[in-house]
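Student: 3D model of this:
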Amino acid sequence: MKKHTLADEQLVHAFQTTPSTHSFDTLYQRYLGKVYRTCLSFTNDTQTAQDYAQDIFLVVFRKLDSFAHQSSFSTWLYTIAHNYCSTQHRRRKRLPTEPLAPDLVQILAGSSPFTDDADEDQLRLMERQLAKLPPLEEDLLRLKYEQGLSIIALSHHYQLSESAVKMRLKRSRDRLRSLCVGEGDE
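Tutor: Presented below is the predicted three-dimensional model:
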């Protein structure tokens, strides 16, 4: 075990003192599985766990220069992974959201079927326009169309009547559609 810890510390030192990323690559390969399993224990979703693991290693890559050797590298890495997953878990639990599905983007924007390049452009446009909506409207649309929540579930979630939820959904869709049409003309 001591030899493994020394090897980690040597790799960190090499990363901090040389411009090569070889030492980081070695640490990445060594710990990716452990970080992934930590993420999976929080998410119970393989794709999300993979995304979190990549995000965590991006954080580690940016912060590795400031690693102060006050703990072992593995402890430091686990702390970053645990904190990142805890933060993401709290965010998702508070108000779960996921990226819009391409067919939903089509429906909301009232556009024709996508081509490959147009698909990417349309998704970027939709995400930009969603970000311009007030947070409550964006979240309402995502919960309804991405998470598939019913009107009843949304009314309980927001403590509104069903008719109020329907009206807010309609207004939010209309506002999003007008934003998309407005930017698509530019």
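Student: C-alpha only now, for contacts and for neighbours.
Tutor: Fine.
Student: Pull the contacting residues for Gln129.
Tutor: 176, 179-180 (C-alpha atoms under 8 Å, 6 or more residues apart in numbering).
Student: In helices, which of those residues fall?
Tutor: Judged by DSSP state H, helices contain the following of the contacts of Gln129: 176, 179-180.
Student: Can you tell me which of these lies closest to Tyr78?
Tutor: Closest to Tyr78 out of the ones in helices among the contacts of Gln129 is Leu176 (40.5 Å), distances taken as C-alpha to C-alpha.
Student: any chance of the ones in helices among the contacts of Gln129 in a markdown table, with neighbour count too?
Tutor: Output for those, formatted as a markdown table (neighbours: other C-alpha atoms under 10 Å):
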| residue | neighbour count |
| --- | --- |
| Leu176 | 23 |
| Leu179 | 19 |
| Cys180 | 22 |
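Student: Identify all contacting residues around the helix or strand where Arg30 lies.
Tutor: Under the criterion of DSSP states H and E, Arg30 resides in helix 22-43. Residues outside helix 22-43 that contact it (C-alpha under 8 Å, 6+ apart) are 8, 11-12, 14-15, 46, 48-50, 52-53, 57, 61, 78, 81-82, 85-86, 89.
Student: now swap in stretch 81-97 and tell me
Tutor: 35, 38-39, 42-43, 52-53, 56, 139, 142-143, 146-147.
Student: Please indicate which of those residues are buried?
Tutor: Using 16 or more other C-alpha atoms under 10 Å as the burial test, the contacts of stretch 81-97 include 35, 38-39, 42-43, 52-53, 56, 139, 142-143, 146 as buried.
Student: With pLDDT as added columns, please give these in JSON lines.
Tutor: Conversion of these to JSON lines gives the following (pLDDT from 0 to 100):
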{"residue": "Val35", "pLDDT": "93"}
{"residue": "Thr38", "pLDDT": "89"}
{"residue": "Cys39", "pLDDT": "90"}
{"residue": "Phe42", "pLDDT": "83"}
{"residue": "Thr43", "pLDDT": "83"}
{"residue": "Tyr52", "pLDDT": "94"}
{"residue": "Ala53", "pLDDT": "94"}
{"residue": "Ile56", "pLDDT": "94"}
{"residue": "Asp139", "pLDDT": "84"}
{"residue": "Arg142", "pLDDT": "80"}
{"residue": "Leu143", "pLDDT": "81"}
{"residue": "Glu146", "pLDDT": "71"}
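Student: nearest to His156, of those?
Tutor: With C-alpha to C-alpha as the yardstick, the closest approach to His156 among these comes from Leu143, at 12.6 Å.
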